[in-house]
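**Q** Provide a 3D model corresponding to the input given below.
(one chain, ligands or ions: 2)
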Amino acid sequence: MRSSHAYLPVTAGQFSMSRNLILAFDTASETIALAVANDEGASFKLIDHHDEAAPRRANVCLLPRIDALFRKNGLSAEDIGCVVCGRGPGSFTGVRIGVATAKGLASGLRVPLYGVSTLDAVAWGVWKSGFRGLLGVVADAMRGEVYPVLFRVTDTAPERLECDTVAKAESAARRWAQAVDEPLALAGDGIHKYRTVFEKEFETSCRLTFCEDSLWVPTGESLLYAFERERARKECATGDPGALLPVYTRLSDAEENERIRLGTTGQVIQGALVNAAVPASGVVCDGDGAQETHPQNDLTLRPLSLHDLNHIVTIEREVFRDEAWTLGMFEDELLRTDRTWWVACKGSQIVGYCGGWVVDGELQILDVAVISEFRRCGIAQELIRRVVHDGADLGARSVTLEVRADNASARKLYEKLRFEVEGIRPNYYPAVGGLKGEGIFREDGTPARREDAVIMRGPVEPTETTGVLDASGLGTLAGMELKDNACRVDAGMVKERSVQAYPMQGQSPPGQPKREGRTGEGKNRPLILAIESSCDETAAAIIDGRGTLLADVIASQVDFHARFGGVVPEIASRKHTEAIVGVVDETLIRGGRELGVSSLEWGDLDALAVTFAPGLVGALVVGLAFAKGVSWATGLPLVGVNHLEGHIYANKFASSVSSDDAAAEPIEPPLVVALLSGGHTMLVHVKDWGDYEILGQTLDDAVGEAFDKVAKALGLGYPGGPVISKLAEQGRSDAIDFPRAMMHSGDFRFSLSGLKTAVITYIKRENEAGRTINTADLAASFQQAVIDVQVAKAVQAVEQTGVHTFCLGGGVAANPALRVAYCKAMDERGTRVVLPPLSACTDNAGMIAAVALDRLAQGKVLSLDADAYSHLPIDQEY
Ligand code: KG4
Ligand code: ZN
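**A** Numbering: from 1, shown residues only. Ligands and ions are numbered 1, 2, ... in the order given. So this is what the prediction gives:
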């Protein structure tokens, strides 16, 4: 993982007069298309290109290939005048790696970034080959789907006849076979899988030919043609690297609404934003994003919780009679993360509900019910609309449902929502009736005859957007609030380190002349900008050589995940792509202000750092690709950091709570740290910085996860930790006796799934008995069960290792009762407790920067082919 790579000696911030190179690339398909050209105003002159099949390897291959292309041609990054990047549509991760890399390059070089359509580029390749006539480009969208676009290729250009959509290969083929009455040629990587599908549909209609397979993917050169055309049409966006977005063939308009609701400034949406699935209505979101109210008729929609189940089951029985789902079935649904259930209320009365399941990119509506006196007022429609939005966010691209063949009113509703009949399931329903449940029965009560189910399919808003976000606004960014986290600058906690001691790997060290005059004296060196994107926070921070944070900025996506009761990887990755440039720019500005300049420039820094593991890979790659792009562009070395090590280092920002004089002392290993987050629960023996031994960890759920699941069961939203701990303040911790699993196991393993189940069983039991649950008592008792085990094992760990200091890390470290309990128990034994400040507990980039200081001093830097990893044990050296 160490660098064997030389960085191009580029002097960032010192713009050369000869910035006339265009760098273009695309990683939306399974190839890397790459070219560099001389910009000649209205046209370009190709210098060199490199096109290579690199399935799922864009992250490791793209920058090394760019670097090699530049070296081969004796070019310098500082001569790049603009960057052009394929925006897809195509593989989500591939597109995001390309876009994030391009954003890093353009930001690093401070040059404009332009996006072009990957499908347009394919069409330009076909144009260049001499083909003229009607061309269909079908790119592979996976899961049986394609991105189909028709072009009319003339002598001057391929003219696009359709906008981007996603469709089942069969229906795309059928649509074209019906619409086209002249010979059609096909190109695109979808042909690999769907050649016969298209051949079959065209058997009886027009002549179908296939372009030579080298023309199925974009090339570096075809990207340049597409760019030249768009530039001539003046259709290029502003060139702001923060504004470029991938082509989203599906963008939930729930997210769009939220983005608008949260007041994104200066937002420009070019092109149509069509919500094909469900027409927009007068529904607005209220403040917490997890509830909707309908202003006209006081209808409220909120996520289903365990509290509601008794009411739901009663309605279910009234509506569906002997087909009704049971309580157990609903309970089972509720805790699954691939499900979404909503209830509709009039005042406090539940009047309907709807649920869906996302499987294989398809949302299946499982159940819709509205009590009889509230039918025909659009409630079912609102519920479906809400579930469909969630389905889109969970990755669904179409919706299916089943309806009785003769349920005319329901079918009419679905047709209004643009559902089409896809098939019939004969004799599916046991009873017959106008509405489900209003069955026609024989005298003896048995169903008169069985009835067919009609399967209907509807679209999940296939959209094409070239959304341009104002990434420079200070208040919000891509719908997220930008937070300044820098309230814990505490230089004394980190030992001063020598300034020169950060040797670089590789042949040519970054030749940055340090501008001491601008950004402080040598003792403040090195200045490192760190990026964190492993989960649902996009964060950046700048640290100086004394360990002082000059800036610490976070854009939290939590609002976007809240309604799902957990982090949705697809949303996380998308949001990071949208936010990264703005977060980093804001960090540079804030860091600059600390040092008396309006903004730091890249040349003022000494290094970059980024979290590369562990976490959600789709989220990590965005930060990593961006950071690598900036690193190559600026010549700054890039330090890779293990996220968990960041949580350990967060303690360096702490003030000791056990005694006053200890507060002045920086913490030093050996020590024991408890890492408690949404994904981890472990006790670690820190023998030295960088030398860790895992004493034990959870066998199942993490502590944060248990808090989150209990909160979800109570309908309290996400993240659960803060809500539960707040509620617990008003409750009695001895009210309910929950199990303390493995408390006396004599080792350092934990198990939390039993506790979670016990809490849920308790809620169910009380619901069934018709008793009201005292949620404060429940929260306090649950929390106490967690605390007792954690504290007991932490004390054991301190005793066994013989250390004198105990630390805490991870999101759960923000729990006040837990902090107090550790302090009390450790104080009794004379063990010093050091706790990170609250702002350093949950994910942030300050802690990543702190690790980077040490790693940079040891010369541990990443190479251009570095990858992201979902797992990386803390005791594994890297
Ligand atoms: O470290 P973090 O920000 O992200 C991960 O790496 O997982 O931790 C987030 C977790 C969530 O599960 C959240 O519920 C939990 O930390 N958390 C808390 C509290 N604040 C956040 N758990 C208990 N009490 C809290 N006050
Ligand atoms: Zn974390």
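**Q** tell me how many other residues surround Ser18.
**A** Each residue near Ser18 was counted by other C-beta atoms under 10 Å, and the total is 10. For the C-beta atoms, the positions are set from N, CA and C on the backbone; glycine is no exception.
**Q** one more: the one 3 residues further on?
**A** Burial measure for Leu21: 23 neighbouring residues, criterion other C-beta under 10 Å.
**Q** give me phi/psi at it?
**A** Main-chain dihedrals, Leu21, degrees, to the nearest 10: phi -90, psi 140.
**Q** which ones are touching it?
**A** Leu21 makes contact with 36-39, 47, 75, 79-81, according to C-beta atoms under 8 Å, 6 or more residues apart in numbering.
**Q** is the residue of the stretch 401-550 of the chain found nearest ligand 1 in a helix, a strand, or coil?
**A** Residue nearest to ligand 1 within the stretch 401-550 of the chain: Cys535 (5.2 Å; C-beta to the nearest ligand atom). Assigned by DSSP: H, G, I helix; E, B strand; the rest coil, the conformation of Cys535 is coil.
**Q** let's check: the centremost residue of the chain is which one?
**A** Relative to the mean C-alpha position of the chain, the nearest C-alpha, by C-alpha atoms, centre = their mean, is the one of Ala572, at 1.1 Å.
**Q** any idea how far ligand 2 is from it?
**A** 13 Å (C-beta to the ion, to the nearest Å).
**Q** next, give phi and psi for the nearest residue to that residue once chain neighbours are set aside.
**A** Using C-beta to C-beta, 6 or more residues apart in numbering and skipping the chain neighbours, the partner closest in space to Ala572 is Ala619 (4.5 Å). Backbone geometry at Ala619, expressed as degrees, to the nearest 10, gives phi -90, psi -40.
**Q** ok, now Trp357?
**A** phi -130, psi 130.
**Q** hang on, it packs against Trp341?
**A** No: using C-beta atoms under 8 Å, Trp357 makes no contact with Trp341, being 9.8 Å away.
**Q** those two: who's more crowded?
**A** Trp341 (24 against 20).
**Q** contacting residues for that one?
**A** Contacts for Trp341 were tallied using C-beta under 8 Å, 6+ apart; they are 303-304, 333-334, 353-356, 387.
**Q** narrow the residues you listed to those in helices?
**A** In helices, defined here by DSSP state H, the members of these are 333-334, 387.
**Q** pLDDT added to the residues you listed, as JSON lines?
**A** Compiled in JSON lines, the ones in helices among the contacts of Trp341 are given as follows (pLDDT from 0 to 100):
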{"residue": "Glu333", "pLDDT": "78"}
{"residue": "Leu334", "pLDDT": "75"}
{"residue": "Val387", "pLDDT": "86"}
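**Q** so which of those residues is the most crowded?
**A** Going by other C-beta under 10 Å, Val387 tops those with 28 neighbours.
**Q** ligand 1 contacts on the stretch 451-600 of the chain?
**A** Applying C-beta under 6 Å from any ligand atom, one finds that the stretch 451-600 of the chain approaches ligand 1 through Cys535.
**Q** wait, the stretch 701-850 of the chain
**A** Counting by C-beta under 6 Å from any ligand atom, the stretch 701-850 of the chain sits next to ligand 1 at 704-705, 707-708, 719-722, 725, 810-812, 814-815, 842-843.
**Q** same deal with the stretch 151-300 of the chain?
**A** Residues of the stretch 151-300 of the chain lying near ligand 1 (C-beta under 6 Å from any ligand atom): none found.
**Q** re the thing from before, pretty sure the residue nearest to the centre of the chain sits against Asp536.
**A** Yes: assessed by C-beta under 8 Å, Ala572 is found in contact with Asp536 at 5.2 Å.
**Q** need the strands for the stretch 451-600 of the chain, in chain order.
**A** Taking DSSP state E, counting those that start in this stretch as the test, the strands found in the stretch 451-600 of the chain are 451-459, 466-468, 476-477, 480-484, 528-532, 537-543, 549-556.
**Q** and the shortest one, average pLDDT?
**A** Read that as strand 476-477. On average, the pLDDT along strand 476-477 is 62.
**Q** repeat that for the last one.
**A** Confidence over strand 549-556 (mean pLDDT, whole number) is 93.
**Q** same thing with the fifth one?
**A** Taken as a whole, strand 528-532 carries a mean pLDDT of 98.
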